[in-house]
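Participant: pasting the structure only:
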């Protein structure tokens, strides 16, 4: 297994994972999407709300605000010693007390723990007119994307097979496939079509070039062939800001390791054999 | 109110709304504004393009 990063920022990572099966790649994707825990607002006590939004709408909006998450600091409530009551180990508390006229932004939400502040400062929560008021207290807990999408650490997270573009000797360089390609992967040079260097990864496997080639009257088979490497994947992982993408990837891999270890233990228990 | 996140991918798009609204009302081409704001996917782009503000219409009925 090999991993090669072409981009690794705080919010976005792009990498090529090679030498693994499709099922492993998908397991990795699913682990990143639904098994990486983050903080999100779960309980809200509304003391006063005279805004145009109902309490439920307002709290739903609060729930969707990504919060910076330090997983060394917070535990899931099910693993906490407080037995689901809520204590500083498993709960982050926020207060919001605003009066119109103004637009309330996520930075008006005052966290008790400054390390668990909203990841974006300028998320509009509600527009308040004169004499409108919102006073509430919110509690955020740690959970995973499999429970609710608000706990999902990633936004866009997916993979595609690595494209393999083959152009055979029958190509006459007519350039019809070059014009057709929506991702600008091909170029015509010296009477032949070739892949622009570094653009291969951008191919979306749409096969419009194959069709254009056939339409050019080359015969029953196109001179350009688009294939996919089934053991090589291009991943794009985008975080929502609650934690760096690097941490999301590491957490997902730890989860995979832990669950496969658990599976081995269970299998051993069933068969009654020692670890091998 | 503009939804906090994109319905489809979950990216926080509400932070871009204010600038988008101002620039669109000034007559700029929405395509250029969206490109500037870094909204690449069409799911996020439609969130801003098709949004209608109704909070102000609701205010008189409080």
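Facilitator: The structure has been received and is ready for your questions. This is a predicted model, so every value here is computed, not measured. Residues are numbered from 1 along each chain as shown, chains lettered A, B, ... in the order given.
Participant: quick check: the nearest residue in space to residue A:174 that is not next to it in sequence vs residue A:170, distance?
Facilitator: In space, and not counting its chain neighbours, residue A:174 is closest to residue A:216: 5.3 Å by Cβ to Cβ, 6 or more residues apart in numbering or on different chains. Glycine gets a C-beta too; all of them are placed from N, C-alpha and C. To residue A:170, residue A:216 is 11 Å away according to Cβ to Cβ, to the nearest Å.
Participant: hmm, the residue nearest to residue A:174 is touching residue A:175, no?
Facilitator: No: taking Cβ atoms under 8 Å as the contact criterion, residue A:216 and residue A:175 are not neighbours in contact, 9.3 Å apart.
Participant: so is the residue nearest in space to the middle of chain B in a helix, a strand, or just coil?
Facilitator: Geometric centre of chain B, nearest residue: residue B:48, 2.7 Å, by Cα atoms, centre = their mean. Judged by DSSP: H, G, I helix; E, B strand; the rest coil, the three-state class of residue B:48 is helix.
Participant: would you mind giving me the confidence score for it?
Facilitator: According to the per-residue confidence, residue B:48 scores 95 in pLDDT.
Participant: helix or strand: which one has residue B:24?
Facilitator: Following DSSP states H and E, one finds residue B:24 within helix B:17-25.
Participant: which outside residues touch whichever helix or strand comes after that helix?
Facilitator: Scanning forward in sequence from helix B:17-25 by DSSP H and E, the next helix or strand is helix B:30-36. Here helix B:30-36 makes contact (Cβ atoms under 8 Å, 6 or more residues apart in numbering or on different chains) with B:19, B:20, B:23, B:24, B:45, B:48, B:49.
Participant: same thing but 7 Å
Facilitator: With Cβ atoms under 7 Å, 6 or more residues apart in numbering or on different chains as the contact definition, helix B:30-36 has outside contacts at B:20, B:23, B:24, B:45, B:48, B:49.
Participant: okay, now residue 53: neighbour count?
Facilitator: With no chain named, the answer covers chain A. By the measure other Cβ atoms under 10 Å in any protein chain shown, the count of residues near residue A:53 is 18.
Participant: that's the other chain; I wanted chain B
Facilitator: Close neighbours of residue B:53, defined as other Cβ under 10 Å, add up to 11.
Participant: what of residue A:138?
Facilitator: Look at residue A:138: counted by other Cβ under 10 Å, it has 21 neighbours.
Participant: still on that earlier bit, chain neighbours aside, what residue packs nearest to the residue nearest to the centre of chain B?
Facilitator: Skipping the residues right next to it in sequence, residue B:48 comes nearest to residue B:20 by Cβ to Cβ, 6+ apart, at 4.9 Å.
Participant: wouldn't that neighbour be in contact with residue B:49 here?
Facilitator: No: between residue B:20 and residue B:49 there is no contact under Cβ atoms under 7 Å: 8.8 Å.
Participant: who has more neighbours, these two?
Facilitator: Counting neighbours by other Cβ under 10 Å for residue B:20 and for residue B:49 shows that residue B:20 has the greater number, 22 against 15.
Participant: in its sheet, what does whichever strand in chain A runs longest sit against?
Facilitator: The strand spanning the most residues in chain A, taking DSSP state E as the definition, is strand A:224-239. Partners of strand A:224-239 in the sheet, by DSSP bridges, are strand A:12-18 (antiparallel), strand A:154-167 (antiparallel).
Participant: okay if I get the ones you listed as CSV plus distance to residue A:191?
Facilitator: Formatted as CSV, the strands paired with strand A:224-239 follow (distance: least, Cβ to Cβ, whole Å):
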stretch, distance to residue A:191
strand A:12-18, 32
strand A:154-167, 12
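Participant: how about those strands in CSV, adding mean neighbour count?
Facilitator: Formatted as CSV, these follow (neighbours: other Cβ atoms under 10 Å in any protein chain shown):
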stretch, mean neighbour count
strand A:12-18, 18
strand A:154-167, 19
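Participant: how about the residues of chain B by chain A?
Facilitator: Applying the criterion Cβ under 7 Å from any Cβ of the partner chain, the portion of chain B that neighbours chain A consists of B:1-2, B:4-5, B:9-12, B:14-15, B:17, B:41, B:55, B:58-59, B:62.
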